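Asks: Compute the structure for the input listed below.
(one chain, ligands or ions: 1)
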Amino acid sequence: MSTQTQKVAVITGASQGIGAGLVVAYRKLGYAVVATSRSIAASQDPEILTIQGDIADRATAERIIAAGLERFGRIDTLVNNAGIFISNAFTDFSRNEYDAVLGVNLTGFFRITQLAIQQMLTQGGGHVIQITSTLADRANSHVNSALAALTKGGLQSATRALAIEYATRGIRSNAIALGTIKTPMTEGYWDVLAGLHPVGRLGEVSDVVDAAIYLENAPFVTGEILHVDGGQIAGH
Ligand SMILES: NC(=O)c1ccc[n+]([C@@H]2O[C@H](COP(=O)([O-])OP(=O)(O)OC[C@H]3O[C@@H](n4cnc5c(N)ncnc54)[C@H](OP(=O)(O)O)[C@@H]3O)[C@@H](O)[C@H]2O)c1
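Replies: Predicted coordinates for the structure are as follows:
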């Protein structure tokens with residue numbers, strides 16, 4: 001068990017890409033980290049607890065929060081980063097695709113956030129961050145994205161609802177809405193996707209990490225949808 005004053009972050013989707021970058025960043029900030037995904041490997045760092053599981057399963061959320069509290073005793077930040085993206089023509093989305101995207105992106109947010117906020121209330125404060133997509137705000141004719149819009153748009157609305165519900169109880173809720181970031185999720189499409197950004201290039205994991213660290217250190221900021229998207233939110 002770490003000291004009571006050491007802050008603790010729970011990061012979902014932490015095995016690779018943005019989530020793996022966030023684990024490193026929160027450790028550098030001095031947080032202990034509960035890192036979770038289906039395939040995440042054990043860490044040599046005693047301040048990183050890894051938990052395997054499918055975040056679409058509510059029981060996984062319950063295991064993550066229980067194990068995190070048992071090991072570190074508190075939860076200060078939850079980053080809802082686990083997510084999947086499936087592009088298809090709207091009328092071609094299969095039942096399985098619908099279930100998969102809603103399962104990870106929405107169900108995967110819901111139960112763990114309930115449990116984390118319950119704990120934050122007992123501590124008198126905390127912070128939840130959702131990782132979303134500018135496609136929820138600005139549809140793009142090059143990328144069919146109805147399920148991304150449905151789920152990430154829902155997360156953005158919930159981000160603001162939670163910000164208001166808990167504003168006077170010390171819990172902040174923010175989202176980081178992304179353009180295309182160079183991660184395993186987007187590998188193979190980097191050349192074609194770069195041109196969809198006004199700045200003419202893709203984002204790096206470090207761009208997302210910088211935004212998370214900013215939000216972490218911004219106590220007057222809640223209900224914010226911070227766009228890290230190379231200008232996509234502004235237009236094209
Ligand atoms: N990269 C982009 O351009 C981009 C753009 C907009 C939004 N985003 C959002 O940013 C977040 C991170 O994306 P990324 O690019 O880092 O993706 P990524 O490289 O594909 O990583 C996704 C992470 O989520 C985990 N994950 C996937 N399905 C899961 C499940 N059922 N249960 C638990 N964990 C699961 C994966 O680990 P396991 O396979 O081990 O489970 C992995 O750690 C996502 O929410 C994504 O929608 C990314």
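Asks: What ranges in the protein fall below the confidence cut-off?
Replies: 1-4 (pLDDT under 70).
Asks: for the ligand, what are the nearby residues on it?
Replies: Taking C-beta under 6 Å from any ligand atom as the test, the list of the chain residues beside the ligand reads 13-19, 37-40, 54-56, 81-85, 104, 131, 133, 178, 180-181, 183-186. For glycine as for every other residue, the C-beta is placed from the backbone atoms N, C-alpha and C.
Asks: Out of these, which end up buried?
Replies: Burial by neighbour count, judged by 16 or more other C-beta atoms under 10 Å, picks out 13-15, 17-19, 37, 40, 55-56, 81-85, 104, 131, 133, 178, 180-181, 183, 185-186 from these.
Asks: Go through those residues and flag which are in strands.
Replies: Per DSSP state E, strands hold the following members of these: 37, 131, 133, 178.
Asks: So the third one sits against Lys152, correct?
Replies: Yes. Taking C-beta atoms under 8 Å as the definition, Ser133 is a contact partner of Lys152 at 4.5 Å.
Asks: any shared contact partners between these two?
Replies: Common contacts of Ser133 and Lys152 (C-beta atoms under 8 Å, 6 or more residues apart in numbering): Ala177.
Asks: In contact with the most centrally placed residue in the chain, which residues?
Replies: Centroid-nearest residue in the chain: Asn81, 2.3 Å away (criterion: C-alpha atoms, centre = their mean). By C-beta under 8 Å, 6+ apart, the contact set of Asn81 is 11-14, 18-19, 22, 131.
Asks: Any idea how far apart the tips of stretch 61-81 sit?
Replies: 13 Å (C-alpha to C-alpha, to the nearest Å).
Asks: Any buried residues in it, and which?
Replies: 61, 64-65, 68, 71-81.
Asks: Out of these, which two are the most distant from each other?
Replies: Gly73 and Asn81 (22.8 Å; C-beta to C-beta).
Asks: Identify those among the residues of the chain next to the ligand that sit within helices.
Replies: Counting by DSSP state H, the part of the residues of the chain next to the ligand found in helices is 17-19.
Asks: and which of those is nearest Asp137?
Replies: Distance to Asp137, by C-beta to C-beta, is smallest for Ile18 among these, at 18.7 Å.
Asks: could you measure that closest one against Phe90, distance?
Replies: 27 Å (C-beta to C-beta, to the nearest Å).
Asks: Equivalent analysis for Thr36, please.
Replies: For Thr36, the distance to Phe90 (C-beta to C-beta) stands at 31 Å.
Asks: more neighbours, the two?
Replies: In terms of neighbours (other C-beta atoms under 10 Å), Thr36 is the more surrounded of Thr36 and Phe90; the figures are 28 against 9.
Asks: Now that one: closest residue in space that isn't a chain neighbour?
Replies: Leaving aside its chain neighbours, Thr36 sits nearest to Ile51 (4.5 Å; criterion: C-beta to C-beta, 6 or more residues apart in numbering).
Asks: Does that neighbour fall in a helix, a strand, or a coil region?
Replies: Here Ile51 is strand, with the state taken from DSSP: H, G, I helix; E, B strand; the rest coil.
Asks: now swap in Val34 and tell me
Replies: Following three-state DSSP, we place Val34 in the strand state.
Asks: the residue most distant from the middle of this structure, which is it?
Replies: Most distant from the centre of the chain: Thr91, at 27.8 Å, with distances by C-alpha atoms, centre = their mean.
Asks: can I assume that one sits in a helix?
Replies: Yes. Counting by three-state DSSP, Thr91 falls inside a helix.
Asks: Now for it: which residues touch it?
Replies: Here Thr91 is in contact with no residues (criterion: C-beta under 8 Å, 6+ apart).
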